[in-house]
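In: any chance you can model this:
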Amino acid sequence: MKILQFPNGPIESNCYLIETDNALILIDPSVPMSVLPEFKKPMKAIIITHCHYDHISCLDEIREKTKAPVYCHPTEFPAFADVVRNASTFFMMDKKYSVPDHKAEEGDILEIDARTTLRFLHTPGHTLGSICILLSEDKKDIALFTGDTLFQGSAGRTDLGGSPILLKQSLLRLRQLDNSILVYSGHGPNTTIGEEKQNNPFM
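Out: Numbering: from 1, shown residues only. Presented below is the predicted three-dimensional model:
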């Protein structure tokens, strides 16, 4: 399995491509198709950690090209057609999108192949419908895609439709995960749960 990271723009919004032997998963479609490698396997899903423009800016292009179903927490659904809630006005844009195809709710599991699964964790705070995505291979949790909930040494802002109280609760929940789990954030470099427990003041 491969995990490819594609930062985009001046604030480096990270788009992730998970490649297994049989399928692809795209997390937060913030980069254009021209940046991504040629898809030689079927795209099983496009997953949105939260509906802010810097994380979904290229959703329409990738959705049309791949025909892959889109997953997001249902609390975020209204934001796709709301230029204030999706923060596109914050980026001097007025962009609306069609709602996702599927709900990504707490505890839901998406099977990529016989060895690999994704489990959705509802982690409100940065937005009320923010999720983290726990990647498991051979029933072992190995990586967590945190969107703008958790960064290396920091955590997400809460003034764009979020809640500091809920964010604190979500971060406390993430503290319960195994130290060895790799953390792939919505911005910035990768880290681990153990490193953030030790060095991140928000954890």
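In: do I have it right that residue 55 meets residue 187?
Out: No - counting by C-beta atoms under 8 Å, residue 55 sits too far from residue 187 to count as a contact (9.4 Å). Quick note: C-beta positions are derived from backbone N, CA and C, even for glycine.
In: those two: who's more crowded?
Out: residue 55 (25 against 18; other C-beta atoms under 10 Å).
In: the more buried one in helix, strand or coil?
Out: helix (DSSP: H, G, I helix; E, B strand; the rest coil).
In: let the chain start at 8 from now.
Out: Understood, numbering begins at 8; the last thing we discussed is residue 62.
In: which residue is the nearest non-sequential neighbour of it?
Out: residue 35 (4.3 Å; C-beta to C-beta, 6 or more residues apart in numbering).
In: follow-up on the earlier one: got any residues that touch both of residue 62 and residue 194?
Out: Common contacts of residue 62 and residue 194 (C-beta atoms under 8 Å, 6 or more residues apart in numbering): 20, 155.
In: what segments of the protein are helices?
Out: 60-63, 66-73, 171-181, 200-206 (DSSP state H).
In: which helices and strands sit right next to the longest one?
Out: In this structure, helix 171-181 makes packing contacts with no helix or strand, judged by 3 or more C-beta pairs under 8 Å, 6 or more residues apart in numbering; DSSP states H and E.
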